[in-house]
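S.K.: what shape does this take:
(one chain, ligands or ions: 1)
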Amino acid sequence: MQAPPPQPSRSPAGLGAPAAHLGRRAGAPRPGRLAAGRLRRAGRAGATDPLGGAGGGGGDSGRGLRLPKVLVSTCSLSFGWLTGCFAEVSCIESSCVALKSPGVSAQLLACSPSPCCTVLGLGFSASFAQPCVEGKAIASAGRRSCVGGRILTNLLMESLKLRHLDLSKAWLTVEDIFTKTCRVATDIRLEEGEPVNYVLPDFQERLQGFVAAEVPEGAQSITLTRERCVIPEALFRPQDHGIPAAGLAELVHQAILAVPEMLRPHLGRVVLCGGLARLPNLPRRLRAELRRLLPSHWPVEILLEDHPELSVWRGAAQHALHAGHSEAAAATPGVSGASPSARRGRGRGKGAVSRAGSAKMPSGKSPAQRKRPPSTISADVEAEEDAAALPTGAVSLGEPESTPAPRLKRISRKMSVEGKSAA
Ligand SMILES: Nc1ncnc2c1ncn2[C@@H]1O[C@H](COP(=O)(O)OP(=O)(O)OP(=O)(O)O)[C@@H](O)[C@H]1O
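M.R.: Down below sits the predicted model:
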């Protein structure tokens, strides 16, 4: 008898179901049931879901299903509905995720014992400064500026239009010019702008442009001089380019001032992530500016790993792995950073961090607090971090920390008292 053709899965397994029916033989149970049955057992054991601990999976956990999830990193200013309304999507705060990247966490452990740092994300659409304590973001202290890679590329395009060529139809070429030629000046007033030739693609022999000392014969090129430093200067002095936003050092400063006073001295340790952090000389300049802004006895350090644009991705991979392990161990819904007391179900009123989509928040929390993505803390949350340290190539710039590291339990208790008295 011929085996019936494979049926499309009816289970709510979503991502899990197709994998379940791939190897189906005649007489085997229907794929949906197979997936559901296996996953239900796995859910009880809490052992097979690689993203189990990270997953949103709200309704599924009630039915015993633990399914592969999509892990989305968001900033703590994201809309609440974004973090909670998708069953298959788990949202996590991106600055916390970046801290889990092996290269970053190794540097953090190596530099000083302080559990505090400020993550500065420099991406395409924005710059975002987020103070963190023990790997948890202090959500209310996050500060965002609209200046990111998009604005810088647009500024370069305008500048090239005036001096050289109109490349507005070739935006990606302009972005390539930006990434290959621009750099941050130590002091823009003294910067001469060493000329650099960028050979444009002709889209016949060359699909991508390149920087060359000698321009090949017949090739079209542009020579950049001061633009190389003037455009990235918008990160530090956006007002000079007509953008009403704070520069990077001010952004970090504002974020630091938004946390309780006792934590501030420890947040001068800045972890850079995002593609723009690759701009040459950016860490050095940021450190110099922060040094001027922050009190002299506060340590200032800038940390970043190789390819900082991958920090969030690497951290998310670590988060998924560790979340899976901690879920297996605790069999309790929660993100990997939930405190042991939260995992054991004790101390619920004190900041058990619940997974998105299935948040079991203690009664009495405001709706705004309920919507907060996992891995963010409010002032009354006791934080704990899974340490994951696998050294990779990394760059560190700064001075050794002189201020003693705060003791987290004491801090969080004090914060809790402050929070209550403020309320
Ligand atoms: N080597 C480089 N030098 C300078 N800038 C770079 C370099 N590589 C990438 N960038 C810039 O980094 C930006 C992209 O960074 P990243 O990939 O972190 O952004 P994203 O994650 O897409 O941004 P967002 O956080 O807004 O979603 C681009 O604007 C690009 O111009």
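S.K.: need the contact list for residue 276.
M.R.: When contacts are counted by Cβ atoms under 8 Å, 6 or more residues apart in numbering, residue 276 touches 122-123, 127, 148-149, 152, 235, 282. The way it works is simple: take the backbone N, C-alpha and C, and place the C-beta from them, glycine included.
S.K.: for the ligand, what is the nearest residue in the chain?
M.R.: Going by Cβ to the nearest ligand atom, the ligand is nearest to residue 149 of the chain, at 1.7 Å.
S.K.: among the contacts of residue 276, which ones are in strands?
M.R.: If you go by DSSP state E, the contacts of residue 276 have 122, 127 in strands.
S.K.: reformat the contacts of residue 276 into JSON lines and put distance to residue 302, pLDDT and neighbour count next to each item.
M.R.: Shown next, in JSON lines, are these (distance: Cβ to Cβ, whole Å; pLDDT from 0 to 100; neighbours: other Cβ atoms under 10 Å):
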{"residue": "122", "distance to residue 302": "12", "pLDDT": "95", "neighbour count": "27"}
{"residue": "123", "distance to residue 302": "17", "pLDDT": "92", "neighbour count": "19"}
{"residue": "127", "distance to residue 302": "14", "pLDDT": "94", "neighbour count": "27"}
{"residue": "148", "distance to residue 302": "18", "pLDDT": "95", "neighbour count": "21"}
{"residue": "149", "distance to residue 302": "19", "pLDDT": "95", "neighbour count": "22"}
{"residue": "152", "distance to residue 302": "19", "pLDDT": "96", "neighbour count": "24"}
{"residue": "235", "distance to residue 302": "14", "pLDDT": "96", "neighbour count": "27"}
{"residue": "282", "distance to residue 302": "9", "pLDDT": "96", "neighbour count": "22"}
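S.K.: tell me who's in contact with the residue of the chain closest to the ligand.
M.R.: 122-125, 175, 178, 275-276.
S.K.: residue 219 now?
M.R.: Neighbour list for residue 219: 199-200, 202, 206 [criterion: Cβ under 8 Å, 6+ apart].
S.K.: what subset of the residues you listed is buried?
M.R.: 199-200 (16 or more other Cβ atoms under 10 Å).
S.K.: tell me the two of the contacts of residue 219 that are most distant?
M.R.: Farthest pair in those (Cβ to Cβ) is 199 and 202. Separation: 9.1 Å.
S.K.: what does the stretch 201-350 of the chain put close to the ligand?
M.R.: 274-276, 278-279, 309 (Cβ under 6 Å from any ligand atom).
S.K.: put the alpha carbons of stretch 181-194 into PDB.
M.R.: The C-alpha trace of stretch 181-194 is given here as PDB (Å, rounded to 0.1, in the frame of the first residue of the first chain):
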ATOM      1  CA  THR A 181      37.300  56.500   3.800                       C
ATOM      2  CA  CYS A 182      35.800  58.300   6.800                       C
ATOM      3  CA  ARG A 183      37.400  58.500  10.200                       C
ATOM      4  CA  VAL A 184      36.900  60.400  13.400                       C
ATOM      5  CA  ALA A 185      39.300  63.400  14.000                       C
ATOM      6  CA  THR A 186      41.100  63.800  17.300                       C
ATOM      7  CA  ASP A 187      40.600  67.500  17.000                       C
ATOM      8  CA  ILE A 188      38.600  68.700  14.000                       C
ATOM      9  CA  ARG A 189      40.200  72.200  14.100                       C
ATOM     10  CA  LEU A 190      43.700  70.700  13.500                       C
ATOM     11  CA  GLU A 191      42.600  68.100  11.000                       C
ATOM     12  CA  GLU A 192      44.000  68.700   7.500                       C
ATOM     13  CA  GLY A 193      42.200  65.800   5.900                       C
ATOM     14  CA  GLU A 194      44.700  63.600   4.000                       C
END
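S.K.: give me the buried positions along that stretch.
M.R.: Buried residues in stretch 181-194 (16+ other Cβ under 10 Å): 181-185, 188, 191.
S.K.: redo these as TSV? Include secondary structure, distance to residue 161 and pLDDT.
M.R.: TSV is the format used below for these (DSSP: H, G, I helix; E, B strand; the rest coil; distance: Cβ to Cβ, whole Å; pLDDT from 0 to 100):
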residue	secondary structure	distance to residue 161	pLDDT
181	helix	16	95
182	coil	16	95
183	coil	21	94
184	coil	23	95
185	coil	22	92
188	coil	22	82
191	coil	22	77
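S.K.: out of the residues you listed, who's nearest residue 256?
M.R.: residue 184 (21.3 Å).
S.K.: close enough to count as contact, that closest one and residue 228?
M.R.: No. In this structure, residue 184 is not within contact of residue 228 by Cβ atoms under 8 Å, at 9.7 Å.
S.K.: can you give me phi and psi for residue 269?
M.R.: Backbone torsions of residue 269, given as degrees, to the nearest 10, read phi -80, psi 110.
S.K.: count the neighbours of it for me.
M.R.: Around residue 269 sit 22 other residues, with neighbours defined as other Cβ atoms under 10 Å.
S.K.: ok, now the one 3 residues further on?
M.R.: Per other Cβ under 10 Å, the neighbour tally for residue 272 reads 26.
S.K.: next: residue 211.
M.R.: 13.
S.K.: and the gap between it and residue 200?
M.R.: According to Cβ to Cβ, to the nearest Å, residue 211 stands 11 Å off from residue 200.
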